[in-house]
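Asks: Got a predicted model here, sequence first, then my questions.
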Amino acid sequence: MAEPKPRVKLPKSVTAGVPFRVRTRITHPMHTGLRHDGDGNPVPRRIINRFVVRYEGEVAISVDLEPAVSADPYVEFEMSVPESGELEFEWVEDGGAVYRLQRRIDVS
Amino acid sequence: MAPTRREVLRLGAAGAAIALLPGAAARASNGVPEAIAGFSGGAAPLEGGVLLEVPEIADNGGAVPVRVAAEGARRIALFADANPFPNVAEFRFGRLAPPAATIRIRLAESQNVIAVAEVADGTFRRASRRIAVTVGGCA
């Protein structure tokens, strides 16, 4: 499996305390554990099971994902920040692998 | 009067026959009521107070956009009543994120998607939408 590639789309600048839209996606097959490969062998379950977004260490949103979430999990939400700071996006895969992305958000 | 051994056996045989029927009785539920009870701690959610936006018809069951929002909610969970598993996703919102989100989900066939939210007063609210799926996703 190719290394999952996380992507996040944020506004270039935001206003303190005013919610802005955040669009997130990570490339991942989200194997349900219910399918078989071309040779009839079961493909073991392997999904992104948790997605967490933190601002300066504080959790803004946390999502538990089940196999019923589409491949390349897409989550869109809104959040606000009181001042410029660091956003951390974290995807946790079955088996414990973690994929992270850090982005600075600037309050204008 | 206590049932005789013969009556007990007859009831057991009838029950086994029902369990083997491949029809509606056996397929009636994928466990959605139990999954919702697991989320709500057994409380029965009230209708209303949850926005659930879905397409009426999904050509591709592999990626169906679903938007949920519920004022004052700290937690919102999504369920599907004809997928192999009832749970779809659970969102927990901190104080920086208003309780609303969009996600893309898999639906194996036409079915109901249910959103349940725990709102500010500690009660649970729900909304349900039927989605017709043209080509099922590999849920």
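Replies: Nice, thanks for sending it over.
Asks: Heading C-terminal from the least confident helix or strand in chain B by mean pLDDT, find the next helix or strand.
Replies: Ranked by mean pLDDT, DSSP states H and E, the helix or strand of chain B with the weakest confidence is helix B:24-27, at a mean of 46. On the C-terminal side of helix B:24-27, the nearest following helix or strand under DSSP states H and E is helix B:32-40.
Asks: can you list contacts of that following helix?
Replies: B:45, B:75, B:77, B:79-81, B:86-87, B:90, B:114, B:116, B:118, B:124, B:126 (C-beta atoms under 8 Å, 6 or more residues apart in numbering or on different chains). (Each C-beta comes from the backbone N, C-alpha and C, glycine too.)
Asks: Point out where chain A drops to low pLDDT.
Replies: Within chain A, the ranges that satisfy pLDDT under 70 run A:1.
Asks: Spit out the contact partners of the residue nearest the centre of chain B.
Replies: Taking C-alpha atoms, centre = their mean, the centroid of chain B lies closest to B:Phe79, which sits 3.4 Å from it. Applying C-beta under 8 Å, 6+ apart, we find B:Phe79 in contact with B:32, B:35-36, B:86-88, B:113-116.
Asks: May I ask which of those residues has the most neighbours?
Replies: Neighbour tally across those (other C-beta atoms under 10 Å in any protein chain shown): the maximum, 28 neighbours, falls on B:Ala115.
Asks: List the beta-bridge partners for it.
Replies: B:Leu78, B:Ala127 (DSSP bridges).
Asks: Quick check: which element contains A:Trp91?
Replies: Taking DSSP H and E as the definition, A:Trp91 sits inside strand A:85-93.
Asks: could you give me the average pLDDT of whichever strand or helix holds B:Ile131?
Replies: Per DSSP H and E: B:Ile131 is located in strand B:124-135. What strand B:124-135 shows for mean pLDDT is 96.
Asks: re earlier: B:Glu53: which of the contacts of helix B:32-40 is nearest?
Replies: B:Ile114 (13.6 Å; C-beta to C-beta).
Asks: Pull the contacting residues for the closest one.
Replies: For B:Ile114, the contact set (C-beta under 8 Å, 6+ apart) comprises B:32, B:36, B:78-81, B:126-128.
Asks: swap in B:Leu78?
Replies: B:66, B:68, B:87-90, B:103, B:105, B:113-115.
Asks: Out of the residues you listed, list just those in strands.
Replies: B:66, B:68, B:87-90, B:103, B:105, B:113-115 (DSSP state E).
Asks: Three-state assignment for the residue of chain A most remote from its centre, please.
Replies: Residue farthest from the centre of chain A, counting by C-alpha atoms, centre = their mean, is A:Asp39 at 31.9 Å. At A:Asp39 the chain is in coil, as set by DSSP: H, G, I helix; E, B strand; the rest coil.
Asks: From chain B, how far out is it?
Replies: Shown here: A:Asp39 relative to chain B, a distance of 17 Å by C-beta to the nearest C-beta, to the nearest Å.
Asks: Next: A:Glu66.
Replies: 5 Å.
Asks: Straight-line length of stretch B:76-89, end to end?
Replies: 8 Å (C-alpha to C-alpha, to the nearest Å).
Asks: taking the mean pLDDT, what do you get for it?
Replies: 97.
Asks: Check the offset of it from the chain's centre.
Replies: Centroid separation for stretch B:76-89 versus its chain: 5 Å, with C-alpha atoms, centre = their mean, to the nearest Å.
Asks: Need phi/psi at A:Arg25.
Replies: Torsion angles at A:Arg25 (phi, psi; degrees, to the nearest 10) stand at phi -160, psi 150.
Asks: From chain B, how far off is it?
Replies: Taking C-beta to the nearest C-beta as the measure, A:Arg25 falls 9 Å from chain B.
Asks: does that residue have beta-bridge partners, and which?
Replies: A:Arg7, A:Tyr74.
Asks: Just list the residues touching it, thanks.
Replies: A:6-8, A:72-75.
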